[in-house]
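Enquirer: coords please:
(2 chains)
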Amino acid sequence: MAAIEATGLVKTFRSRKNTVKALDGIDLEVPEGSVLGLLGPNGAGKTTTVRILTTLMEPEEGSARVLGHDVVTEADTVRSLVGLSGQYAAVDELLTGRENLWMFGRLYRLGSQQAKQRAEELLEIFDLTEAADRILKTYSGGMRRRLDLAGSLIAHPKVLFLDEPTTGLDPRSRLDLWQIIRDRVSEGVTILLTTQYLEEADELADSIAVVDHGSVIARGTADELKAKVGGERIEVVVHDPEETGRALELLTGALGISDPDATTMDQHSRRITVPAPGGSSTLVDVIRTLDGAGIRIADIGLRRPTLDDVFLTLTGHEAEQKEELV
Amino acid sequence: MTAVVGRTPGDTPARANPVGRAVTDAGVLAWRSLKRIPRTPDMLIYATIQPIMFVLLFAYVFGNAIPIPGFPGARAYREFLMSGIFAQTMAFAVASASVGLADDMSKGLIDRFRSLPMARSGVIAGRVIGDLVFNAFVMVVMVICGFVVGWRWHNGFGQALAAFGILLLFAFAMLWVGALIGLSVGGPEVAASAGLIWLFPLTFLSNAFVPTPNLPSGLQPVAEWNPISSIVAACRHLFGNPSPFASPDGFPAQHPVWLSLIWCAAIIAIFAPLAVRKYRSATSH
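Expert: Predicted coordinates:
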């Protein structure tokens, strides 16, 4: 059975000025024990989807079940089975780490003693024991995020919703959080994760659903999506603008590129991009070819596809950074 | 699939007795509110300085210009004043609830609480109880302040206690109004002004600071039926302080205690369900 199933979710937000269709028929299915990455720009409908699946909001049309329980008619049961950790790190700033976890434990219906014990376990797991008695105002962004995630794990949820868990974090904290999430996956927890970063979905998700304007525009594994986008590319900046044309010609021949549309060239910025099916070995080929022809390279690099590349390919427009409409 | 999935053995079941559950949740959230109070000492200081300032300003500046009909002497005004200040301070409890909840909402905490299997009334009830304890503390400070300026109760401790009970009941009622405001406005800054702005005309158009016989005759009935006036009149009655009325035979003058209780019950009956309903659909940004 799928741990999370959603069919035809529709949600519209009306304000005095305008009407925004936040969700326009979202379908999702997440098998038990797997991780689904919901990938999309701000305002695509990711947060709204999570809000509906965690009972914070009711859909106008469509239905959703979590572990077989309807999110509208059995909202209370769903709430006791899932954990939610959002992008805003919803913890009480004036309570200590230990107090926050105890409070959430009590609200998950644990007894006082049990809640205390569970808080200690989680502080240990999340490496927050030393900071446990400090109020949260003194925590770093990464520590808050860890505590927020700890709060969502109190009741040993089988399903976890993570709404942009690493947005705004420094790289070090991001890696820490990824490890914590992987550990939950290895315990068999089903996870629905929203993110704006292809890299994050790639790292954590078994499958990815790309969302734009309230509907799913592509599904598949990270590799499948990347193949659609065209995989990795090499970007070369040559030293002399006069040589851009010759450089592209040489590379097209050397790499055996048959489709001229697969390459780009801009003489003004002296930039050429070519597909790199062989990854770093193609990079070596490019350097050899240009060096052998006496063309000086100002800059060269292997570029992995980004969310923008996915969007450009799938929708023909770049990922718009709209204001998140709740 | 049963509801047991995902829970450790020994957990209380998800569908425990709903009343017991609501009480526990309110208790946990009240604990949270109380923990926060000593950690925001500036709030505590302002909340007590403001009423003290009002007592001193009215007792020594305006008091000399406001005669109490039927009660001559400068001290009569101070006896008259204190119940007004008490009621005003309790009415301003609206702001603490509205700011607190708006703050929780803007920080995403309301979402967090709403995603937990807790009673729908828990968050607001916890806030209301916590604020009530806070207001009881402010009241103690004001009573001391009242004694310093020469206010006394004359009908014994039991009646005085009844008056304090009515004042706290009034604060309790007003906190639900504040909860509704806090959950309806955009953020804590708006909540502060939205919670207070209408309270100024409401308290000044009452018997709190000026005896109603001194008001223009058109305003007298409005002021005498004002809920704040009925709280103030009930307190004056129970404390044995001067309580002049423009229409001494009217219901507000004859039954101040009953009217104050009716007002409190009415406010709670209207605003508590509205606030809980608002909470159910509350969303942060």
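
Enquirer: Show me the helices in chain A, by range?
Expert: Under the criterion DSSP state H, helices of chain A are mapped to A:46-53, A:75-81, A:97-107, A:112-125, A:141-152, A:171-186, A:198-204, A:222-229, A:244-255, A:280-292, A:307-315.

Enquirer: got the ones you listed as a markdown table, with mean neighbour count, distance to chain B and mean pLDDT columns?
Expert: Any C-beta I mention is one placed from the backbone N, CA and C, and that applies to glycine too. Converted to a markdown table, those look like this (neighbours: other CB atoms under 10 Å in any protein chain shown; distance: least, CB to the nearest CB, whole Å; pLDDT from 0 to 100):
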| stretch | mean neighbour count | distance to chain B | mean pLDDT |
| --- | --- | --- | --- |
| helix A:46-53 | 26 | 8 | 93 |
| helix A:75-81 | 22 | 4 | 91 |
| helix A:97-107 | 25 | 4 | 96 |
| helix A:112-125 | 17 | 7 | 95 |
| helix A:141-152 | 23 | 7 | 91 |
| helix A:171-186 | 15 | 12 | 91 |
| helix A:198-204 | 21 | 20 | 87 |
| helix A:222-229 | 17 | 28 | 77 |
| helix A:244-255 | 17 | 48 | 88 |
| helix A:280-292 | 15 | 42 | 88 |
| helix A:307-315 | 18 | 23 | 70 |
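
Enquirer: Low-confidence ranges, the stretch 151-285 of chain B, go.
Expert: Along the stretch 151-285 of chain B, segments meeting pLDDT under 70 span B:283-285.

Enquirer: Now for residue A:73: which residues touch it?
Expert: Contacts for residue A:73 (CB atoms under 8 Å, 6 or more residues apart in numbering or on different chains) come out as none.

Enquirer: got it, and residue B:43?
Expert: residue B:37.

Enquirer: which residues does residue 62 contact?
Expert: The chain I'm using is chain A. Per CB under 8 Å, 6+ apart, neighbours of residue A:62: A:6, A:7, A:8, A:9, A:10, A:25, A:26.

Enquirer: The chain in question should be chain B.
Expert: Contact analysis of residue B:62 by CB under 8 Å, 6+ apart lists residue B:209.

Enquirer: What of residue A:222?
Expert: By CB under 8 Å, 6+ apart, the contact set of residue A:222 is A:198, A:201, A:202, A:205, A:208.

Enquirer: likewise residue A:2?
Expert: A:29, A:30, A:31, A:32.

Enquirer: Out of the residues you listed, who's the most crowded?
Expert: The most crowded member of those, judged by other CB atoms under 10 Å in any protein chain shown, is residue A:30 (23 neighbours).

Enquirer: Pairing-wise in the sheet, spell out the partners of that one.
Expert: Beta-bridge pairing for residue A:30 (DSSP bridges): residue A:4.

Enquirer: Point out the residues in the stretch 51-200 of chain B that sit beside chain A.
Expert: Selection of the stretch 51-200 of chain B residues close to chain A by CB under 8 Å from any CB of the partner chain yields B:107, B:108, B:109, B:111, B:112, B:113, B:114, B:115, B:116, B:117, B:118, B:122.

Enquirer: Put together JSON lines for the helices of chain A, with distance to residue B:237 on each row.
Expert: JSON lines is the format used below for those (distance: least, CB to CB, whole Å):
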{"stretch": "helix A:46-53", "distance to residue B:237": "52"}
{"stretch": "helix A:75-81", "distance to residue B:237": "47"}
{"stretch": "helix A:97-107", "distance to residue B:237": "42"}
{"stretch": "helix A:112-125", "distance to residue B:237": "44"}
{"stretch": "helix A:141-152", "distance to residue B:237": "50"}
{"stretch": "helix A:171-186", "distance to residue B:237": "62"}
{"stretch": "helix A:198-204", "distance to residue B:237": "67"}
{"stretch": "helix A:222-229", "distance to residue B:237": "75"}
{"stretch": "helix A:244-255", "distance to residue B:237": "94"}
{"stretch": "helix A:280-292", "distance to residue B:237": "89"}
{"stretch": "helix A:307-315", "distance to residue B:237": "70"}
